[in-house]
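Peer 1: Need coordinates for the below:
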Amino acid sequence: MDKEELNQARTNPEFLSFLEEKEQNAIKSRDIKELYEVLDTLLVLNLDEARINKVYEEILKTAFDNIEKRLSQNKPLILEDEDFYYIRSFYEHAIEKWSLGNYDGAKELFFILTQIIDDKKLIDALNIHLINCVNCVDMDMFYEELISKNMEENENNEDEKYGYFITDFKIDVDDYLKQHISLLENQFKKMEHLLR
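Peer 2: Predicted coordinates for the structure are as follows:
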């Protein structure tokens, strides 16, 4: 959308009414995909911050409730359908905590994700996040030191599912994880109570 289209959308009463109705329905039905569509639209249009926060809180409540159910069922999440949005919301919440310097809160969320998802590439990436939270590496340093700046074009659509997650690094992931295996094992023992 260009600037003019954004302005038209922000001032179009029919569209705003449609968006409000979609928002109410998404909140009522607790449909996480719909909630994300509303949130993304509110962000693009740069609408009321309180409204954005309300939708984001609903996303988190919905995700936490559903992840808790999955934990009790011992059923892993996959990067598809509603599961994708549950994982995305947990991940974004962890990143938000990390960016605010809440390393313990972030590492706990990353740990829980490593235990409930079924995707090796993402689990490895989350373990790298977790290691850096344990070591209280601030997010800017993490980006500067470890994140690949020249992320190659995804060769297939399968990789698009990783678009909301940091999974491309300058380092050899397997070597990095091997170097930090004792730290991870120690942290996993300390945090396993979170899964009960």
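Peer 1: For the protein, which residues score under the pLDDT cut-off?
Peer 2: Per-residue confidence of the chain (counting by pLDDT under 70) places the weak regions at 1-2, 150-158.
Peer 1: Mark out where each domain of it begins and ends.
Peer 2: Using automatic domain parsing, the domain parsing of the chain gives 1-75, 76-196.
Peer 1: Which helix or strand lies directly C-terminal to the helix ranked longest in the chain?
Peer 2: The helix of greatest length in the chain, counted in residues with DSSP state H as the criterion, is given as helix 49-73. Per DSSP states H and E, the first helix or strand lying C-terminal to helix 49-73 is helix 81-99.
Peer 1: contact partners of that next one?
Peer 2: 32-33, 36, 59-60, 62-64, 66-67, 70, 77-79, 105-106, 109-110, 112-113, 117, 122, 126, 129, 133, 139, 161, 164-165 (CB atoms under 8 Å, 6 or more residues apart in numbering). C-betas here are computed from N, CA, C, even on glycine.
Peer 1: buried residues in that helix?
Peer 2: Within helix 81-99, the residues scored as buried using 16 or more other CB atoms under 10 Å are 83-95, 97-98.
Peer 1: Of these, which is the nearest to Lys189?
Peer 2: Taking CB to CB as the measure, Ala94 is the one of the buried residues of helix 81-99 closest to Lys189, at 20.0 Å.
Peer 1: What residues does the nearest residue to that closest one once chain neighbours are set aside make contact with?
Peer 2: In space, not counting the residues next to it along the chain, Ala94 is nearest to Leu109; the distance is 3.6 Å by CB to CB, 6 or more residues apart in numbering. For Leu109, the contacting residues are 90-91, 93-94, 97, by CB under 8 Å, 6+ apart.
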